[in-house]
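Student: Next come a sequence and a model predicted from it.
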Amino acid sequence: MPATTTCEPPLHATGAVPVIGLAINKTQRRELLDHLDRELATARHHGERLALLVVNLCRFRQINIAFGHDAGDRVLEQVYVRMRDALRKDDLLFHVGNDEFAVLLTRLRTPQVTKLAVEKILNSIGANMDIDSQTLAVTAVAGAAVFPDHAGNRNDLLKAADSALHFARDQQLDYSIYDASTRSEDTRLASLKGNLRTALDNGDLMLHYQPQLNLQRGVLCGSEALARWHHAEMGWIRPDIFIAVAEKAGLIDSLTYWSLNVALREWSQFCSSCEATSVAINLSAKLLHSPELVPMVERAMNIWNADPASIVLEVTESAMMADPATALHTLRALHEMGITLSIDDFGTGYSSLAYLKKLPVAELKIDKSFVMHMAENRQDRKIVQSVIDLAHTLEMQVVAEGIEDERILNMLVAMGCDYGQGFYIARPMPAGELRPWAEASVWGVPAGADACEVAKS
């Protein structure tokens, strides 16, 4: 049951009573709209500015879970009082959702006042709270929009403030003041969501494969499958953009299932005589904690009669640490199926050795940010060597990304790195180009059964 509480009314001449708690938030929203209509009319008449702020508490649900709803009630009370005390007497404060507040800043002389008000509000919320002998750190994120600078009517002002809030969340900012580029980006992403659904239904996406070498043998041992999307009007859409869109639009399950099926089908065709080579497929951070992931992988393997030993699933370090217990359960289930697990972008997250040694992971993948400049950067060389030594101590193997010249490749070989990929070896390519590349390359897979000798081992 959501937390509820009672707080004092906003400081306003009308004495509008704030409504705290889900049961009466609808009334509070209606009051916000009524006040917004009246204040906009006043601002138009007097040629004044008006700002709408939307403030969300961060991780409030976790406070309810960890400390109980009574503690959550008192947190809301303190937040409300702190916000009220940070406002001027003519400003209005509304509690419009369980963890969401709205503020109307009236009679603004300059739009710069909005920034100062947001910072003052967030600073007031951010001071530690003592609840039931517990010291809680409460934070919030905010979005703001100004009339008439950003919108000329109520609905557009509400949309602009929400847009600014979403932008702040996405960019991990404390707050954001609306600007036209924010709305333009939101519109573009909304359009991409619909286009991505169509692209998945019509098979307009494709996989490109970046070959991976066994560095100690100097031969191909596998490839990483990378999703690509060529939009009819916008051209190539960057993977980080459309994958983020898929996550927000609830399409990441469909995109991952598509990737698994296409990768297993195309790789089996390329290496029909070489069951021992592997194809690496990236897993979304959100999907790692979904109960649908393991059944999804099983279905794809059954459809293509895939050998689990030929599959590497890559998971970022930060994704695992978002919910370690669930991640560990999922990874163990995949490991028991015989699939190789790899930690992608290793070194950029914050996993501890105590957690790392528990993971059923066979491979660490060094982030390219450490590899690309290690010929000139002594610290990067030390980091790369340390990761290689750590992995081997834990009986794991190492893949280095970002090999862009021969010198880097030779250094990695000398360091004892197991596998590598990068533009110096080959750029990602469509499945149809893999065999011609392999046959022409000095690192190609030999024809026939001899190819199996170069597999990851």
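Tutor: Perfect, thanks for sending it. Since this is a predicted model, take the numbers as computed values, not measurements.

Student: Going by C-alpha atoms from here, please, whenever you check contacts or count neighbours.
Tutor: Will do.

Student: Summarise which helices and strands the host helix or strand of Glu298 is packed against.
Tutor: For Glu298, the host element (DSSP states H and E) is helix 293-303. Applying 3 or more CA pairs under 8 Å, 6 or more residues apart in numbering; DSSP states H and E, we find helix 293-303 packed against helix 252-270, helix 324-336.

Student: Alpha carbons of it, as PDB, please.
Tutor: Extracted C-alpha coordinates of helix 293-303, given in PDB (Å, rounded to 0.1, in the frame of the first residue of the first chain):
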ATOM      1  CA  LEU A 293      15.900 -14.400 -20.300                       C
ATOM      2  CA  VAL A 294      16.800 -18.000 -19.600                       C
ATOM      3  CA  PRO A 295      13.700 -19.500 -21.300                       C
ATOM      4  CA  MET A 296      14.400 -17.100 -24.200                       C
ATOM      5  CA  VAL A 297      17.900 -18.400 -24.700                       C
ATOM      6  CA  GLU A 298      16.700 -22.000 -24.400                       C
ATOM      7  CA  ARG A 299      14.100 -21.500 -27.100                       C
ATOM      8  CA  ALA A 300      16.600 -20.000 -29.500                       C
ATOM      9  CA  MET A 301      19.100 -22.800 -28.900                       C
ATOM     10  CA  ASN A 302      16.400 -25.400 -29.600                       C
ATOM     11  CA  ILE A 303      15.300 -23.800 -32.800                       C
END
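
Student: before we move on, back to that, mind checking which of the helices and strands packed on helix 293-303 is nearest Asn202?
Tutor: helix 252-270 (11.6 Å; CA to CA).

Student: how much does the closest one deviate in direction from helix 293-303?
Tutor: Angle of helix 252-270 versus helix 293-303, following axes from the mean of the first three to the mean of the last three CA atoms, to 10 degrees, is 30 degrees.

Student: Now the element after the helix holding Glu298, going C-ward?
Tutor: strand 311-316.

Student: Reformat the helices and strands packed on helix 293-303 as JSON lines; add mean neighbour count and mean pLDDT.
Tutor: Compiled in JSON lines, the helices and strands packed on helix 293-303 are given as follows (neighbours: other CA atoms under 10 Å; pLDDT from 0 to 100):
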{"stretch": "helix 252-270", "mean neighbour count": "19", "mean pLDDT": "92"}
{"stretch": "helix 324-336", "mean neighbour count": "17", "mean pLDDT": "90"}
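
Student: how about these, which one is nearest Leu122?
Tutor: helix 324-336 (29.9 Å).

Student: contact partners of that closest one?
Tutor: Contact partners of helix 324-336, identified using CA atoms under 8 Å, 6 or more residues apart in numbering, comprise 288-289, 291, 293-294, 320-321, 341, 359-361.

Student: Which members of the residues you listed are classed as buried?
Tutor: In the contacts of helix 324-336, burial by neighbour count holds for 288-289, 293-294, 320-321, 341, 359-361, counting by 16 or more other CA atoms under 10 Å.

Student: quick one: least confident of those?
Tutor: Of all the buried ones among the contacts of helix 324-336, Met321 carries the smallest pLDDT score, 69.

Student: now the helices and strands packed on helix 293-303 as CSV including distance to Pro428?
Tutor: CSV is the format used below for the helices and strands packed on helix 293-303 (distance: least, CA to CA, whole Å):
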stretch, distance to Pro428
helix 252-270, 14
helix 324-336, 26
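
Student: Quick one: closest of those to His230.
Tutor: Counting by CA to CA, His230 lies closest to helix 252-270 out of the helices and strands packed on helix 293-303; the figure is 15.0 Å.

Student: Okay, angle between that closest one and strand 311-316 too, please.
Tutor: Using the same axes, to 10 degrees, the direction of helix 252-270 lies 140 degrees away from that of strand 311-316.

Student: other SSEs contacting helix 252-270?
Tutor: Under the contact definition 3+ CA pairs under 8 Å, 6+ apart, helix 252-270 sits against helix 180-202, strand 205-214, helix 239-248, strand 278-282, helix 293-303, helix 431-440.

Student: for this protein, what's the longest helix?
Tutor: helix 22-46 (DSSP state H).

Student: any idea of the mean pLDDT for it?
Tutor: Averaged across helix 22-46, the pLDDT comes to 81.

Student: and the following helix or strand past it, which strands flank it?
Tutor: Scanning forward in sequence from helix 22-46 by DSSP H and E, the next helix or strand is strand 49-57. Note on strand 49-57: by DSSP bridges, its sheet partners are strand 100-108 (antiparallel), strand 140-147 (antiparallel).

Student: Go through these and name the closest to Thr27.
Tutor: That would be, of these and by CA to CA, strand 100-108, which comes in at 13.4 Å.

Student: And for the closest one, what's in contact with it?
Tutor: 32, 36, 39, 43, 48-57, 90-96, 114.

Student: got the angle for it vs helix 22-46?
Tutor: Calculated by the same axes, to 10 degrees, strand 100-108 forms an angle of 20 degrees with helix 22-46.

Student: Look up how far Ala225 lies from Pro295.
Tutor: Distance, Pro295 to Ala225, by CA to CA, to the nearest Å: 20 Å.

Student: Apologies, that question was intended for Glu266.
Tutor: Distance of Glu266 to Ala225, given as CA to CA: 10 Å.

Student: Please apply the same query to Leu390.
Tutor: Going from Leu390 to Ala225 by CA to CA gives 26 Å.

Student: cool, Met374 as well?
Tutor: For Met374, the distance to Ala225 equals 26 Å [CA to CA].

Student: if you count what's nearby, which of these two comes out ahead?
Tutor: Applying other CA atoms under 10 Å to Met374 and Ala225 shows that Ala225 carries more neighbours, namely 27 against 20.

Student: Show me the contact partners of the strand or helix carrying the more buried one.
Tutor: Applying DSSP H and E as the criterion places Ala225 in strand 219-231. With CA under 8 Å, 6+ apart as the test, strand 219-231 has contacts from 204-214, 236-239, 259, 263, 277-282, 428, 438, 442-445, 454-456.
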